[in-house]
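**Q** sharing a sequence plus its predicted fold:
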Amino acid sequence: MEKTKPPETGQPVKSAEETKPRTCLECGLLTTTGNREFDQDDRTLLHCLTRTESGGYSSAELPSDIEWTRCFKNVWKYNPERSINYLIEQKERPRDDCSGFASFEVGYTPAELIKRIEERTLWEKMLARLGEKPTKRRPSRGTSPTDDEKVIIAAINEGVRGPTFCHRLDERKVKPRPRWESKGQTFPWPGSYVSAYTKGHPKVRARWRKKIQDYKHYVQTKFPDLIHRKAPQKHSTTREGE
């Protein structure tokens, strides 16, 4: 029996993902202690945080500094005097009508993201006046890379990846990101990039690989004009991951 096609309305059918209301988990203005970036790892943990039938909450692990998680624009606040259920309520609330919503971008604190959006809007307006379309290439932030960032940029341009990339960072004595060594971390910094990438429990190793990849992506997006990536190095016996 031939199936009847639904009537055509002239409008493309949206997927479930496209019709799903956006929440604070997709907003780059979600922040915590020191107005820092609420990174992808913490967003994943917050996403898994749910209520239980007894009125409590269920999660294998809580995001770092959860008691200070809040909206950078103070649409809502969270502090130790409020329950975690309040945070769950806020992170699940639809934010389609929130005028302060800004899509999350890896490597940007809320303040940097706001400045970036303002600069991009101004740039697009200037090009519109000239009748030109804005380019997709992201301009650098007008700052020079640090010595550590120069090492990462050079490694990216040479196509170095995986353990070899980590060995290069250790060899050039690239320091870990400050919050990786801060007290109270669930997974303490193992002392070197190679150890973080190759040693320890598989779940811990996966977390550190994600953090290293995020750091690499952060430098790429911060200095796009300095990135001239070559083809990845090929190895005859083993294949390195990102």
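**A** Okay, I see it. Residues are numbered from 1 along each chain as shown.
**Q** can you pull up the most central residue in this protein?
**A** Val106 (3.1 Å; CA atoms, centre = their mean).
**Q** for that one, report the pLDDT, please.
**A** At Val106, the pLDDT value in this model is 85.
**Q** please report how far it lies from Pro163.
**A** According to CB to CB, to the nearest Å, Val106 stands 22 Å off from Pro163. Bear in mind the C-beta positions are built from the backbone N, C-alpha and C, glycine included.
**Q** so what are the domain limits for the chain?
**A** 20-136, 147-226 (automatic domain parsing).
**Q** pLDDT-wise, which helix or strand of the chain ranks last?
**A** Lowest mean confidence among the helices and strands of the chain (mean pLDDT, DSSP states H and E): helix 16-19, at a mean of 57.
**Q** ok, then the element right after that one?
**A** Per DSSP states H and E, the first helix or strand lying C-terminal to helix 16-19 is strand 30-31.
**Q** what is that following strand packed up against?
**A** If you count contacts as 3 or more CB pairs under 8 Å, 6 or more residues apart in numbering; DSSP states H and E, strand 30-31 packs onto strand 70-71.
**Q** name every strand pairing with the strand it packs on and say which way it goes.
**A** Strand 70-71 has these partner strands in its sheet, going by DSSP bridges: strand 30-31 (antiparallel).
**Q** please enumerate residues in contact with the partner strand?
**A** Contacts with strand 30-31, where a contact means CB atoms under 8 Å, 6 or more residues apart in numbering, come from 24, 37-38, 43, 69-72, 104, 109-110.
**Q** switch to 6 Å and redo it
**A** Here strand 30-31 makes contact (CB atoms under 6 Å, 6 or more residues apart in numbering) with 24, 38, 72, 110.
**Q** of those, grab the buried ones for ChimeraX.
**A** In ChimeraX syntax, the buried subset of those is picked out as below (16 or more other CB atoms under 10 Å):
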select :24,38,72,110
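**Q** so which of the contacts of strand 30-31 comes closest to Arg129?
**A** Pro110 (29.4 Å; CB to CB).
**Q** which residues touch the closest one?
**A** 29, 31, 72 are the contacts of Pro110 under CB under 6 Å, 6+ apart.
**Q** just those residues now: which is nearest Thr146?
**A** Thr31 (23.1 Å).
**Q** and that closest one, how many neighbours?
**A** 22 (other CB atoms under 10 Å).
**Q** for it, list each beta-bridge partner.
**A** Glu37, Arg70.
**Q** out of the domains of the chain, which gets the lowest mean score?
**A** domain 20-136 (a mean of 80).
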